[in-house]
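>>> Quick check, what structure comes out for this input:
(chains A and B)
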Amino acid sequence: DTGVSQNPRHKITKRGQNVTFRCDPISEHNRLYWYRQTLGQGPEFLTYFQNEAQLEKSRLLSDRFSAERPKGSFSTLEIQRTEQGDSAMYLCASSWTVESYEQYFGPGTRLTVT
Amino acid sequence: AQSVTQPDIHITVSEGASLELRCNYSYGATPYLFWYVQSPGQGLQLLLKYFSGDTLVQGIKGFEAEFKRSQSSFNLRKPSVHWSDAAEYFCAVGGNFGNEKLTFGTGTRLTIIP
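Residues are numbered from 1 along each chain as shown, chains lettered A, B, ... in the order given. Here you go, the predicted model:
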């Protein structure tokens, strides 16, 4: 068990560019979550998956954001036409609904939009 | 709508002193409550959780929390803090044993002075 991993750890992009982040959950975990954390705030829920099905999306997830988990393993979060307000830490977490009752968080991807 | 309030943005305590971090929640059903800790550059780590039963729960690193339904509170305590406890602490509430979205408070930053 190597924990939840996220890549890249840091991303600097120019306004208007598209970015994609990857999350690899703990291998047996069937649920995967994305959160966004801005400076001085707690994480805010964006979306979550059970296996490959996206079960819930926050209204924070505008049409510029899309998340996928194509084979029920890793997930990608894409932001199109980035804006300065998208600058934040993007956190991924995973959990196993059978037994664990805990969301395990990755280290996050810090996005800076210039 | 579910919400979490952490009224203390920043707390400073002396090493060896006791600690209490406050958390109040609003949730329409059975709340599942969590405390996470976030150190700089690190992911969120679960300290403890409350699902049901005994209202005083023990966690890792010597932390405990008490659930008080009448006050909608879930305060975190530690009898004697160590310099390594300096970090950001987040209270969160969720449903379904934590296997759905979590709603976090804004966090309390803990500073330890010698």
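>>> tally of neighbours for whichever residue of chain A sits closest to chain B?
Among the residues of chain A, residue A:42 lies closest to chain B, at 3.2 Å counting by C-beta to the nearest C-beta. C-beta: built from backbone N, CA, C; applies to glycine. Residues near residue A:42, counting by other C-beta atoms under 10 Å in any protein chain shown, number 22.
>>> Model confidence at it, what's the number?
Per-residue confidence at residue A:42 stands at 95 (pLDDT).
>>> and it, helix, strand or coil?
Judged by DSSP: H, G, I helix; E, B strand; the rest coil, the three-state class of residue A:42 is coil.
>>> Can you pull out the low-pLDDT segments for the chain?
By default, I'm working from chain A. The model of chain A has pLDDT under 70 over residues A:1, A:98-101.
>>> could you do chain B instead?
Counting by pLDDT under 70, chain B has low-confidence residues at B:96-99.
>>> which residues does the residue of it found nearest chain A form a beta bridge with?
Nearest residue of chain B to chain A: residue B:104, at 3.2 Å (C-beta to the nearest C-beta). Bridge pairing for residue B:104 (DSSP bridges) gives the partners residue B:92.
>>> Report the central residue of the chain.
Answering for chain A, as no chain was given. Taking C-alpha atoms, centre = their mean, the centroid of chain A lies closest to residue A:34, which sits 3.4 Å from it.
>>> try again with chain B
Central residue of chain B (C-alpha atoms, centre = their mean): residue B:35, at 3.3 Å.
>>> give me the element that residue is part of.
Assigning secondary structure by DSSP states H and E places residue B:35 in strand B:32-38.
>>> Point out the other elements, helices or strands, that that strand touches.
strand B:44-50, strand B:64-68, strand B:73-78, strand B:87-94 (3 or more C-beta pairs under 8 Å, 6 or more residues apart in numbering or on different chains; DSSP states H and E).
>>> mind checking which of these is nearest residue B:20?
strand B:73-78 (4.9 Å; C-beta to C-beta).
>>> tell me which parts of chain B are close to chain A?
Residues of chain B found near chain A (C-beta under 8 Å from any C-beta of the partner chain) are B:4, B:6, B:32, B:36, B:41-46, B:49, B:51, B:90, B:92, B:97-107.
>>> re earlier: can you pull the contacts of the residue of chain B closest to chain A?
A:42-44, B:4, B:36, B:90-92 (C-beta atoms under 8 Å, 6 or more residues apart in numbering or on different chains).
>>> Could you list the contact residues of chain A toward chain B?
Counting by C-beta under 8 Å from any C-beta, the positions of chain A adjacent to chain B are A:4, A:31, A:33, A:35, A:40-45, A:48, A:56, A:58, A:91, A:93, A:95, A:97, A:101-108.
>>> Narrow those to those that are buried.
In terms of neighbour count (16 or more other C-beta atoms under 10 Å in any protein chain shown), the buried residues within the residues of chain A next to chain B are A:4, A:31, A:33, A:35, A:42-45, A:48, A:58, A:91, A:93, A:95, A:101-108.
>>> and the residues you listed, which of them are in strands?
Using DSSP state E, A:31, A:33, A:35, A:44-45, A:48, A:91, A:93, A:95, A:104-105 are the members of these that sit in strands.
>>> Flag every buried residue along stretch B:5-18.
So stretch B:5-18, judged by 16+ other C-beta under 10 Å, has buried residues B:6, B:13.
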